[in-house]
Structures are given as structure tokens and as C-alpha cells.
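Novice: coordinates for the following, if possible.
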Amino acid sequence: MALHVYNTRTKRKELFTPAQEKVVRIYTCGLTVYSDMHIGHARTYCFWDVFRRWLEYRGNHVISVINYTDIDDRIISEAAKAGVGELDHAERVIAGFRRDCRTLKIKDYAAYTRATDFVREQADAVEALIDKGHAYVVDGEVLYDVRSFERYGELSGKTLEGMQEGASGRTDDSERQRKRFFADFSLWKPSKEGEPCWDTGREGWASGRPGWHIECSVMSTTLLGAHFDVHGGGIDNLFPHHENEVAQAEPLCGHPWVGYWMHPAHLQLLDETGKPIKMSKSLGNVISIPALLERHGPDLVRWFYGVTHYRSALAFNWQLLDEASKGFDKVRRVLSVIETRLAEVDDEALKLPVCSRYASLRGEQGVPRERPSFLHGAFAEHSEAFMADFIAAMDDDMGTPKATAAVFDYVGKLFAAGIETDESIDTASLLSAYRCLTRHLWVLGVELADPRLYPELAADSFPVVSGGDGAREQALGGVIDSLLAQRQQARKDKDFAKADLIRDLLAAAGVSIEDTPKGPRWDVRE
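Specialist: Down below sits the predicted model:
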């Protein structure tokens, strides 16, 4: 099966075929940087990260661009409250966004663009739209004439006839007098006194700044070309932002602009009773990324985001996240079991040969290079079935709920096959299962691979981990092992009070201990 995605423009699932073989160009609408990223934003950007990871798993090279809207009325307002310059405020939020993305293990984009770096290109595009009869100047402002673009509304499904004047609550008498049609929108807007502004030198234009919609049209086209593969953002961007982008871009390029439009749905915040509530700064219930990660590590958060399909609203409260952690612990446990069993194995024994039965798969379109090493030994049949289920799920419009279900099924089969108790299982079988599981978890943004057992993944993913579960366990490992050795000695000396004290101290620090016939095994719990 090949990858199919739901295209918002055509309202159906379509075979995903990039314009250039094995190269995928993606533009994602980023933050308007007046305030920090919250958990709703994170749901959107984590989806785009998983989409990129899946494309790369499938053998593609991804060129991904994200923008910052770094000049906006809200930025001006927030900067004034903070007593700083508008661009200084924007840069502070941008720095926080980059920090939060890295903490969530979102891979770096190929380019991060700022609207203020493309003012000249935006002004040129606006002038071209005037020349083509799609825009007009009134009182120094340049407005787009939506009735000049006959396919307006095709992307969102909203027709001009069905729109109601004043539905946004923003139309006033002065706007009605200036606009040819109430839905016309600003391409270039005059700045108020004291606000950031640019002087284009064009006749009739006031000193001002570009409108929001033209920013993304120009930045994406400048960096990715006049036709690229995927454009997206949250579902809230669909109308009017993306609709207006199409209306601007297609008259300039003269052909269909974007191959696929994709829109993740909202995160729906619930109260303690499960009732939906609005998340807003005014209500004081906006959950920041640091606040989220104080309670749970990034791997669980990424897992939780993946359990719900990207086109369905994601219900969120702390209880739901806590419940997700219980199931996720089973996944972490099987990895901990294998890591413990392979802890004393010589590094030379951790090098797996390519399975000759599957050697022909190397180089095949859409097959990861590591795949042959997953199919050794006692669990080969389970691994092969798991990969088939996982790939089928992800190829069906990024079906992460079925992919996570496949992970659970695979983990259950590994336990049932004796991975924890059968001492006869050889190193190659354990290592193959470990690599198979961690490789596919990595696609979901869940980065749990021990660099010793999967150096290929570790080289790519571990440097961007900041405070994640794996990094934390590595840092604490030496201390915990030393304490456990002291506890073992105390038990041998029949000093059970000391042994219990060490156990209780570790439990209070979030470390659980399981005594096994081969000695104690520990894990870090949320």
C-alpha cells in the first residue's frame, strides 16, 4: 500500500505523489508570536513532525518551512504592556517556541521565516495583484477584491453567496464605505502613529505593513517555489487565512498552487467532569508546554497526541493524560526488560547481520534501511506482522490510532512469547525486537532507544532531547544503580530497615523497583 492523505481541497483521500520523486516540500503556518505556544498549538506541530517522520521512513527527503508572524496588532499590544519593543517581544516568544519544540522532540525545520524579512517581496506581490485587477487602493490601504477570483471558497467550502456581512463581528461603517465587498481583505494596511511601518514608495500606499494573508503566500512561494506539495496549519487556519492565500497566490503563479492541503483538528480542553471548556488567557487556563512537561515527560505527551487521529478533536484533561500513562508504561516496560537482559552483552554481539531472506528489500521504495535487521530470531514473525499493521495504518491518512494499537498488540505478543521470562531467547532475537519497536515508536515522536542498542536512531534523535525521559534516566542511572547495590547488600546483611529506607527514597523520587530472579530492575515513573 502507498501513502494516501485526506486533501482538504478535494474533500477526499488521495494517493500522495510529490511533484518531485522522493522530495517533499511542506509549508506550515506557524505562530503569531504574541504569546507562547500552548498544548493546542503543540498538538498541531507534533502532527506535522509525525508526518515528516513518516515521509522520511518511507524514503523521502523532506524540505519543511515554518513561518513566524512577527508583526501584528496583538504583538504591538503585548509589547506595549511589557514595555518592550515589538520585535524584541516577538523574538522572546520565538526563542520560547524553539525551546518548547526541542523539548517535545519536534525535529528542526529546514527554514524558519519571519514576515518582517520578506516585506519587499510581499509589497511586490501586492503590486502585481493590483496590476492583474485583483486588488485596489483606498485611503492608503490595499484591499483584495474577493469577487475577482472565481474559485474563491473552493478550499473551505464557503461561498461568497453564503457569507454573512458582520459575521466576524469586526465590520464597521468605515470598512463598509471603503470596501467594494464586505469580505474583501487587507493586503497592505496603514500603520498607526508609533507603530512599526515600511514605506514602499508606491503611489497611493500609506506607510504601513503587509496584511497577514499575503505573508504566508509570499514566504512559502519564495522558499518552496510556485508549486509545492503540502500546505497546512491548524483547522482554524482554513478560513479565512488559507482561502485567502489561494486567492492571492494562484492569480500570480497562473496554475494550481499547492498539491495537498492538510488540517489537524483542535485540542478540546475538558474540565474535571469531562465537560468541554474554552482555553483562553483571560480565563487563566492556558496550559503551557513547561507546565505540561512538569507533570509528564515528552514521550508520553507524544504518545497521547498520537492515540487520536489528527482530523479528530483531541480531548484533553489531566485525568486523560494520567490514564494514557498507565497503558504507555507497558510499552516502556518491555523496552526496560530488553535493556536489562542486554546490559551485560558485549558490544560486538550487538551487531546484527542483514537477514538474507529480506536482503532484496534494501533500496526498495518506502522501506527503511534498518528493516532487514528487525527480522531475526524468535520474534521475526511477530515483528513482520507488526510492521505490516503499522505501515498500513500510517499509510491510511496518517492513522496513528491504529498504529499505536499495533504497538500495544506487538508488545503483548512479545510478553506472551516469553521475552521477560524465557532465558533461552538469544541476543539477536532480543535486539531485533528492541530495534523494531523503538524504530516505529520514533515515527510517533516517542524516542526511547538506548543509544547502545540502536546507535542509528540515537545519532539522529538524542542530541535534540532536552530533559526527556531517556536523558533523565541516563543521568540518574549511575546513582540509582549504586543505591540499589547498597539495598542488595543491606538485605544480604538482614538490615531490612535500611533496605526499605532506600526503596522508599527511590519511590519518593519517582523510581519504581521490581525484584526479579536476576536482581532488581528499576524504572522512572511519571
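Novice: any chance you could map the helices in the stretch 201-350 of the chain?
Specialist: Along the stretch 201-350 of the chain, the stretches classed as helices by DSSP state H, counting those that start in this stretch are 212-224, 243-253, 289-295, 298-307, 318-341.
Novice: what is the mean pLDDT for the shortest one?
Specialist: In this model, helix 289-295 has a mean pLDDT of 92.
Novice: which other residues reach stretch 73-86?
Specialist: Thr32, Val33, Tyr34, Ser35, Ile71, Asp88, His89, Ala90, Arg92, Glu195, Pro196 (Cβ atoms under 8 Å, 6 or more residues apart in numbering). (Glycine included, C-beta is placed from N, CA and C.)
Novice: OK, contacts around the last one?
Specialist: Taking Cβ under 8 Å, 6+ apart as the contact definition, Pro196 lies against Ile71, Ile76, Glu86, Leu87, Thr116, Arg209.
Novice: same check on Glu250?
Specialist: Phe149, Arg151, Pro256, Trp257.
Novice: okay, and the helix or strand of this protein with the least pLDDT?
Specialist: Least confident helix or strand, the chain: helix 469-492 with a mean of 66, by mean pLDDT, DSSP states H and E.
Novice: buried ones in the next helix or strand after that helix?
Specialist: For helix 469-492, the succeeding helix or strand toward the C-terminus, using DSSP states H and E, is helix 496-508. Residues Ala499, Ile502, Arg503, Leu506 are the ones in helix 496-508 that count as buried (16 or more other Cβ atoms under 10 Å).
Novice: got those residues as a markdown table, with distance to Arg120 and pLDDT columns?
Specialist: Shown next, in a markdown table, are the buried residues of helix 496-508 (distance: Cβ to Cβ, whole Å; pLDDT from 0 to 100):
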| residue | distance to Arg120 | pLDDT |
| --- | --- | --- |
| Ala499 | 71 | 75 |
| Ile502 | 66 | 78 |
| Arg503 | 66 | 77 |
| Leu506 | 60 | 77 |
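Novice: ok, of the residues you listed, which one's closest to Thr273?
Specialist: Proximity of the buried residues of helix 496-508 to Thr273 (Cβ to Cβ) peaks at Leu506, which lies at 35.5 Å.
Novice: farthest pair in the contacts of Glu250?
Specialist: Phe149 and Pro256 (13.3 Å).
Novice: quickly find the element holding Ser432.
Specialist: Per DSSP H and E: helix 427-443 holds Ser432.
Novice: next, the angle helix 318-341 makes with that helix.
Specialist: Going by axes from the mean of the first three to the mean of the last three Cα atoms, to 10 degrees, helix 427-443 is angled at 150 degrees with respect to helix 318-341.
Novice: check which helices and strands helix 427-443 sits against.
Specialist: Counting by 3 or more Cβ pairs under 8 Å, 6 or more residues apart in numbering; DSSP states H and E, the packing neighbours recorded for helix 427-443 are helix 39-57, helix 318-341, helix 380-395, helix 400-416, helix 455-461.
Novice: need the contact partners of the helix or strand where Val24 lies.
Specialist: Element membership of Val24, judged by DSSP H and E, is strand 23-28. Contacts of strand 23-28 with the rest of the structure, by Cβ under 8 Å, 6+ apart, involve 18-19, 45, 48, 51-52, 55, 60-67, 109, 216, 219-220, 223-225, 228-233.
Novice: just the buried residues from those residues, in PyMOL please.
Specialist: In PyMOL, a selection of the buried entries from those looks like this (16+ other Cβ under 10 Å):
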select buried, resi 18+45+48+51+52+55+60+62+63+64+65+66+67+109+216+219+220+223+224+228+229+230+231+232+233
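Novice: residue boundaries of the strands in the stretch 51-200 of the chain?
Specialist: Per DSSP state E, counting those that start in this stretch, the stretch 51-200 of the chain has strands spanning 61-68, 111-114, 135-138, 141-144, 185-190. These are given in chain order.
Novice: what's the pLDDT at Ser282?
Specialist: Taking Ser282 on its own, its pLDDT is 73.
Novice: highest mean neighbour count out of the strands of the stretch 51-200 of the chain?
Specialist: strand 141-144 (a mean of 24; mean count of other Cβ atoms under 10 Å).
Novice: so which elements touch it?
Specialist: helix 119-131, strand 135-138, strand 185-190, helix 243-253.
Novice: contact partners for Gly204?
Specialist: The contact partners of Gly204, taken as Cβ under 8 Å, 6+ apart, are Val137, Gly140.
Novice: Serialize the buried residues of helix 496-508 to TSV and add fields for distance to Glu381.
Specialist: Output for those, formatted as TSV (distance: Cβ to Cβ, whole Å):
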residue	distance to Glu381
Ala499	42
Ile502	42
Arg503	39
Leu506	38
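Novice: I'd like to know which of the contacts of stretch 73-86 are buried.
Specialist: Buried among those (16+ other Cβ under 10 Å): Thr32, Val33, Tyr34, Ser35, Ile71, His89, Ala90, Pro196.
Novice: will you turn these into CSV that also has distance to Thr340 and pLDDT?
Specialist: Listed next are the buried ones among the contacts of stretch 73-86 as CSV, based on distance: Cβ to Cβ, whole Å; pLDDT from 0 to 100:
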residue, distance to Thr340, pLDDT
Thr32, 47, 96
Val33, 45, 97
Tyr34, 48, 96
Ser35, 44, 95
Ile71, 54, 94
His89, 49, 96
Ala90, 48, 96
Pro196, 58, 94
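Novice: which of these sits closest to Val5?
Specialist: Distances from Val5 to the buried ones among the contacts of stretch 73-86, taken by Cβ to Cβ, are shortest for Thr32, at 26.2 Å.
Novice: skipping adjacent residues, who's closest to that closest one in space?
Specialist: Closest residue to Thr32 apart from its sequence neighbours, by Cβ to Cβ, 6 or more residues apart in numbering: Thr69 at 4.1 Å.
Novice: what number of residues lie near that neighbour?
Specialist: 23 (other Cβ atoms under 10 Å).
Novice: dump the residue contacts of it.
Specialist: Contacts of Thr69 (Cβ under 8 Å, 6+ apart): Gly30, Leu31, Thr32, Val33, Ala115, Trp212, Glu215.
Novice: do you know the pLDDT at it?
Specialist: 96.
Novice: what about it, distance to Phe118?
Specialist: Distance, Thr69 to Phe118, using Cβ to Cβ, to the nearest Å: 11 Å.
Novice: any common contacting residues for the two?
Specialist: Contacts common to Thr69 and Phe118, judged by Cβ under 8 Å, 6+ apart, are Glu215.
Novice: ok, for Arg341, nearest residue in space, not its chain neighbours?
Specialist: Leu430 (5.8 Å).
Novice: what about that neighbour, how many residues nearby?
Specialist: By other Cβ under 10 Å, neighbour count at Leu430 equals 24.
Novice: Ala42 and Arg295: what is the separation?
Specialist: 14 Å.
Novice: look at the two and report which has more neighbours.
Specialist: Shown here are Ala42 and Arg295; by other Cβ under 10 Å, Ala42 has more neighbours (25 against 14).
Novice: more neighbours, Phe149 and Pro256?
Specialist: Phe149 (20 against 12).
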